[in-house]
Every structure is written in C-alpha cells, then in structure tokens.
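[1] what's the 3D shape of this:
(one chain, ligands or ions: 1)
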Amino acid sequence: MRWCKLLRALPGSVHKAAGGRSAALQPRSFNSSSHNHKDLFQDFESQVKAFREKLSVMTPGSDWSPITLTKGLPPERADIVIVGGGVIGWSIAYWLKKKERVREGVRVLLVEKDPTYSQASTVLSAGGIRQQFSLKENIQLSMASVDFMKNINNHLGVLNQDPIDLQFNHSGYLFLASEDVAHIMEENHVTQRELGAKVILLSPAQLKERFPWINTDGIALASYGLENEGWFDPWTLLNAFRCKAMSMGVYQCFGEVTGFRCSTQKAETVDGEDVNVKRIKYVNVRMPNSLEYQPVECAVVVNAAGAASGKIAEMLGIGHGPKDTVAGLSLPVEPRKRYVYVVHCPDGPGLECPFLIDYSGFYVRREGLGGNYITGKSPEETEEPDVSNLEVDHTFFHEKVWPLLCHRAPPFECLKVSGAWAGFYDYNSFDQNGIVGVHPLVNNMFFATGFSGHGLQQSPAVGRAVAELILDGGFQTIDLSAFDFRRILYQEPVRERNIV
Ligand SMILES: Cc1cc2nc3c(=O)[nH]c(=O)nc-3n(C[C@H](O)[C@H](O)[C@H](O)COP(=O)(O)OP(=O)(O)OC[C@H]3O[C@@H](n4cnc5c(N)ncnc54)[C@H](O)[C@@H]3O)c2cc1C
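    Numbering: from 1, shown residues only. All right, here's what the predicted structure looks like:
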C-alpha cells in the first residue's frame, strides 16, 4: 500500500520511538513538513494534556462531585470507559486504579454485556502459561505475569476475604520440533535464556529418558520449561482482578456497548488522503433486556472486548473507508472457534504429563489428578469452523486430534472422551499477536486485544502496559511498541516463529 511507505517517515512513529515512549500520546503528524497538512493528533494531545493536568492536581475530596448512580444504570460520565469485562478489561481497570491510587480521582467504568460470561474467551480457555515464545515482548509479558501470579495475594488480596488460590499447577511446557524447524527452536531458546527464562533443550535420547511414554519418531529437538510454566484457573484470576478493582473504586456496569458519539476533525495524510479523525465523546450503553441506552460521557475508551473487539471498532467506522486507504483498514480481530476435549485415560502419563505441544499442532495436558487430560488442535485455515455458535465438533477429535495424539503418546490409544467445550480465540488474523495502542483515526480509543491463544496468561502485564500508556503517555516497564496498530498500517506483521 502506497500510504504505508509514506507513513513510515513520520516523526515519532512507534517503530522509531525512543526509549519505549509509545504510541498513543506522542506528538505526531502525518506530514509535519508541509504547511498544508494538519497534525492529526493535535486535538487529542491537548485534551490528554488537560486530562493529565487534572490528574496531577486531583486529591481525594477535591472539587469533584461524587457520581450519582441510579441502580442498574451506568454513570452519566466517566474518565475512562473499558469495553469488555474479561480478564484483559479487568486487569486494565485494576492497574489504572493502582497507578492513580494516590490521587483517587480517575473515574473508571467497565462495561460488560454478559454477566454470565457464557462466551468470554477467558473462562473457556485452557489456562496455560509459558515462557516459551520467540518474540521478546511475549516472553517478557509472560514472565512478568507469572511473577504477578506467584504473588497474587500481595497484589489482588482484599482485606477480610479468603486468600486467592489460582490452583496453579507448576508443570513445564514441552515443545517438540521436527528436523526442519529445530534450528528455529534453538534460536528461540537463546532469546528465552537471554531474557532469564528457565528452559532447556532435549535431544531425542534425553527426551526419551525423561518422558519414556513419548514416541520420539520424527523429533529432532525438544524444549522444556523448568520453571514458571503450567496452568491455572482462569475464572479465579478474572474474579480476583474484578473484586480488587471494584474494591479500589472501579464502577462495573452490565450493559452492551452499541455505539459511540464522536467529534470529527478533518485531516490529510502525507499521501493526500482526506481523513476524518474521530474523538469519542460518548459511549452508548444499552441496558440488559431493554432497547434503551444511556450515553456515558468520557475522555478515553479502552477496547478490551476480546473476540468482539473488531466489531466494536467497526461501530466507529474503522475499516469502512475505501480499500487500501487508512480509513479502510479494519481492526483485524475476529472470533475463531477452538475445541477443547476432556479425555479420561487411566493408563496415561499422570503427573509426568507436561503441557505437551507437538509440531503437528496438537496439545495435551493433565487436568486434575484423576486420569483426566485436556487436548485439542487449531484447525487448518481452510477448515475453520462456523463461529455462529459454540457447538463442539466431535468428529474433529476423532479425525484430526486423536490419531496425532496416539502416534506421539501411545498410552492415549485407550481413552474415553468425557467432555468437551468450545471457545472463541480473540484471533488477530494479521499476525496472531496482541494489538496494544490507539488507532490513528480514533485517537482516544486504546486497543488491548487480539492476543489469540495467549491473552489470559499475559493479562497481568498487558493491563499494566495499557495503564502506563493511558496515564503516563508511554510504556514504562515492558516496551510493547512493536504491538502498536501501526504495524498493520506498515503491513509489517510481528509473528511468533514456529510457536503456537
Ligand atoms: C479454547 C481456548 C483456549 C485458550 N487457551 C489459552 C491458554 O492456555 N493460555 C492463554 O494465555 N490464553 C488462552 N486462550 C486465549 C485467552 O482466553 C484470550 O486471549 C483471553 O481470555 C482474552 O481475554 P479478553 O478479556 O480480551 O476477552 P474475553 O474474555 O472474551 O472478554 C471480552 C468481554 O467483552 C465482552 N463484550 C463483547 N462485546 C461487548 C460489548 N459490545 N459491550 C460490552 N461488553 C462486550 C464479552 O461479553 C466478554 O466478556 C484460549 C482461548 C480459547 C478460546
């Protein structure tokens, strides 16, 4: 795309940003050198400046009147509205409050449409956490998150309530590589070790010695996590974030975000494309079982709607412009259905079972101590299932998962499927990694979405990063500028190498 090349030359562009200062709040223009072109971010910059000034003078008991709440309705205004009450949304809410705790003035409202969380990715996930990624950002996010989880009661414990028990099962991930990709596993291993992850490489003989029940045919190399990997209960993490954030003053509202009211400013890209830069003024929240909606006035919106975040972006016209223009560029996050099968296998490896990920694509891990396991596999691009419901395809297990599982781990030849469920990945179809930052044409909506198969485990660190972006104007701890939306503008995918 022509404009991608031109945008690359922008001053303050995310990829060139120094010292991890990001993304959203830096002075930027699409073409600052020409007097004809306007600074797309000028309006936003001044508003954010005013917002921060307000924060800096705000103390408890200052002139801010308390919000008057009508039962069941959201407040009429809030500083920051978070759309989506999954683990990402609640983590952001917690960190926003944690960071501005001394001032206690920022009104954070979280809007969740489904109090039962019946389709939320968080509660339907496999609950895994690992350090074995190839991108340094993903490794750092997971390392910071596991550290958070190990000390969860220090972070999220609430006075006079039972301690939080994440039911963390410490168990390494075991990745298996074939000959053609073993070199990538070695390279990834170097990156992981450099960042402090405790991961070892195993030859086929070492693998056999450690896991005698694994068939090593076709395996050239394996990578095994010694520490800080395993799985935990997703609902407990979500609920812990939620309870803590609410105890710190975050408002929760059950309702559906159905649209936005925006102000619009005309601008022009360096390519001469006329664009409308929007700024959200109101979020429309429709109350459950009602056609009525309440507009909520706000300064900043966070799109943490998981698999539905592409739809939320569409409500703002993102992606509705002509193809190959900035305005035509949608948020590439969509639901992708993934099946999880629960199998009972009395002769299985039991406690010896790691979170095994085979190069053929299937995974298996222990579930409890009673001979149960969960297993699954992402379908090929051409066989992606219908996403209009969460029905499970049992044939997929018999035809696509079980043969691979038996081949690699023969004890699983004898098993019984005792249950199954399906959930939606918040799938980033561009490069399957998180998108964290603003869209250039809606400059007060922050994205925190698209984490595909690893959003749960990264949620503690992602929430902190988004709070930094909003309150500090840039990343302070882990530099996530590589995950900014602009990589989509530049058509520069940031992909994991040979890792799910
Ligand atoms: C089968 C499966 C296995 C997985 N395994 C793992 C794993 O092992 N490890 C890992 O780290 N990750 C895993 N994931 C991915 C992980 O679950 C997600 O990346 C993560 O939960 C995303 O969290 P979220 O808060 O963004 O989304 P969600 O949990 O989906 O929350 C988004 C919320 O937004 C709400 N919402 C949507 N639209 C609106 C609206 N208009 N108004 C108000 N609210 C709205 C939804 O109701 C929902 O509750 C898995 C996912 C699946 C499906």
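[2] report the contact partners of the residue in the stretch 301-450 of the chain that the ligand sits nearest to.
    The stretch 301-450 of the chain approaches the ligand most closely through Gly306 (2.5 Å), counting by CB to the nearest ligand atom. For the C-beta atoms, the positions are set from N, CA and C on the backbone; glycine is no exception. Counting by CB atoms under 8 Å, 6 or more residues apart in numbering, Gly306 makes contact with Gly84, Gly86, Ile88, Ala120, Ser121, Thr122, Phe424, Asp426, Thr449, Gly455.
[3] identify all contacting residues around the strand or helix carrying Ala205.
    Ala205 is part of helix 204-210, with elements assigned from DSSP states H and E. Here helix 204-210 makes contact (CB under 8 Å, 6+ apart) with Leu176, Leu202, Ile214, Thr216, Ile219, Ala220, Leu221, Ala222, Tyr224.
[4] tell me where the stretch 401-500 of the chain has helices.
    Defined through DSSP state H, counting those that start in this stretch, the helices belonging to the stretch 401-500 of the chain, from first to last, are 402-408, 455-471, 486-489.
[5] hmm, back to that, look up how far Phe424 lies from the residue of the stretch 301-450 of the chain closest to the ligand.
    7 Å (CB to CB, to the nearest Å).
[6] skip the chain neighbours and tell me the closest residue to Glu292.
    Here the nearest residue to Glu292 in space, its sequence neighbours aside, is Arg286; by CB to CB, 6 or more residues apart in numbering that works out to 7.0 Å.
[7] bridging residues for that neighbour?
    Glu256, Tyr293 (DSSP bridges).
[8] check contacts around Glu496.
    For Glu496, the contacting residues are Phe133, Ser134, Leu135, Asn138, Gln432, Asn433, taking CB under 8 Å, 6+ apart as the criterion.
[9] ok, now with 6 Å
    With contacts defined as CB atoms under 6 Å, 6 or more residues apart in numbering, the neighbours of Glu496 are Phe133, Ser134.
[10] neighbours of Leu316, how many?
    Close neighbours of Leu316, defined as other CB atoms under 10 Å, add up to 20.
[11] who's in contact with it?
    The contact partners of Leu316, by CB under 6 Å, 6+ apart, come to Phe260, Val442.
[12] repeat the analysis, applying 7 Å as the threshold.
    Phe260, Cys262, Lys278, Val442, Met445 (CB atoms under 7 Å, 6 or more residues apart in numbering).
[13] next: Gly196.
    With CB under 7 Å, 6+ apart, Gly196 has these contacts: Met143.
[14] what about it, helix or strand, and which?
    With DSSP H and E as the test, Gly196 turns up in no helix or strand.
[15] quick one: is stretch 173-180 near the ligand?
    No. Figure legend: stretch 173-180 not in contact with the ligand (CB under 6 Å from any ligand atom); closest approach 9.9 Å.
[16] stretch 110-119 near the ligand at all?
    Yes. Among the residues of stretch 110-119, Val111, Glu112, Lys113, Asp114, Tyr117 lie within reach of the ligand under CB under 6 Å from any ligand atom.
[17] what lies in contact with that stretch?
    74, 81-85, 89-90, 93, 120, 123, 250, 252-257, 285, 390, 424.
[18] from the middle of its chain, how far away would that stretch be?
    Mean C-alpha position of stretch 110-119 versus that of the full chain (CA atoms, centre = their mean, to the nearest Å) differs by 17 Å.
[19] end-to-end on it?
    When the termini of stretch 110-119 are compared using CA to CA, to the nearest Å, they are 18 Å apart.
[20] how about stretch 465-476?
    In stretch 465-476, first residue to last residue: 7 Å (CA to CA).
[21] do the same with stretch 248-261
    Taking CA to CA, stretch 248-261 runs 29 Å from one end to the other.
[22] same question for stretch 441-460.
    Chord length of stretch 441-460, first to last residue, is 28 Å (CA to CA).
[23] now check it, is it near the ligand?
    Yes. Part of stretch 441-460 sits near the ligand under the criterion CB under 6 Å from any ligand atom, namely Thr449, Phe451, Gly453, His454, Gly455, Leu456, Gln457.
[24] let me know the closest of the residues you listed to the ligand.
    Minimum distance to the ligand across those is 2.2 Å, recorded for Gly455 (CB to the nearest ligand atom).
[25] sorry, back to before: what's the most distant pair in the contacts of Leu316?
    Cys262 and Met445 (9.6 Å; CB to CB).
[26] joint contacts of the two?
    Shared between the contact lists of Cys262 and Met445 (criterion: CB under 7 Å, 6+ apart) are residues Ile280, Leu316.
[27] more crowded one of those two?
    Neighbours around Cys262 and Met445, counted as other CB under 10 Å, are more numerous at Met445. The numbers are 27 against 18.
[28] got phi/psi on the nearest residue to that one once chain neighbours are set aside?
    Nearest non-adjacent residue to Met445, counting by CB to CB, 6+ apart: Val301, 4.7 Å away. As for Val301, its main-chain torsions (degrees, to the nearest 10) stand at phi -120, psi 140.
[29] now for the closest residue to Val199 other than its chain neighbours, how many residues are close by?
    Sequence neighbours aside, Gln192 is the residue nearest to Val199 in space, at 4.9 Å (criterion: CB to CB, 6+ apart). Look at Gln192: counted by other CB under 10 Å, it has 22 neighbours.
[30] need the contact list for Gln192.
    With contacts defined as CB under 7 Å, 6+ apart, the neighbours of Gln192 are Gln131, Gln132, Ile139, Val199.
[31] any weak-confidence spans in this protein?
    With pLDDT under 70 as the threshold, the chain has low-confidence stretches at 1-72, 101-104, 499-500.
[32] domain map for it?
    Following the assignment in automatic domain parsing, the chain carries domains at 2-59+75-118+237-332+431-489, 168-226+336-428.
[33] winner for burial among those domains?
    Sort the domains of the chain by mean neighbour count, taking mean count of other CB atoms under 10 Å, and domain 2-59+75-118+237-332+431-489 sits at the top with a mean of 20.
[34] sweet, I'm off.
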